[in-house]
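> predicted model and sequence below, questions to follow.
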Amino acid sequence: MVNRTMYAESAGITQVSLNVIYKLRVMKYEIPLTVMTYWNPKSNQGFFYTGMQFNLF
């Protein structure tokens, strides 16, 4: 039986997330833009992440 983990005081669902990736076209290049929402139901906390990736070669 799990008493405590680094995510919550007891066992249960600790991550519900949604990822969206959009490929932005600039001239002949594609720039992936990433948005992620994350919710931890055990601690009732949510987070929002954004990201962009550049490939030069």
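All right, it came through fine. Numbers count the residues shown, from 1 in each chain.
> drop to CA atoms for contacts and neighbour counts, all remaining ones
Fine.
> secondary structure element holding the residue nearest to Tyr49 when sequence neighbours are not counted?
Here the nearest residue to Tyr49 in space, its sequence neighbours aside, is Met36; by CA to CA, 6 or more residues apart in numbering that works out to 5.0 Å. Taking DSSP states H and E as the criterion, the element that holds Met36 is strand 29-40.
> who's in contact with that strand?
By CA atoms under 8 Å, 6 or more residues apart in numbering, the residues outside strand 29-40 that reach it are 13-25, 45-55.
> quick one on the thing from earlier: ok, the residue nearest to Tyr49 - how many residues close by?
Met36: 14 surrounding residues under other CA atoms under 10 Å.
> before we move on, back to that, could you point out which element follows the strand holding Met36?
Along the chain past strand 29-40, the next helix or strand (assigned with DSSP H and E) turns out to be strand 45-52.
> packing partners of that following strand?
strand 29-40 (3 or more CA pairs under 8 Å, 6 or more residues apart in numbering; DSSP states H and E).
> below-threshold pLDDT in this protein: ranges please.
Applying pLDDT under 70 to the chain flags residues 1-8, 55-57.
> find the centremost residue of it, please.
Within the chain, the residue whose C-alpha comes closest to the C-alpha centroid is Met36; the distance, by CA atoms, centre = their mean, is 3.8 Å.
> nothing else from me, thank you.
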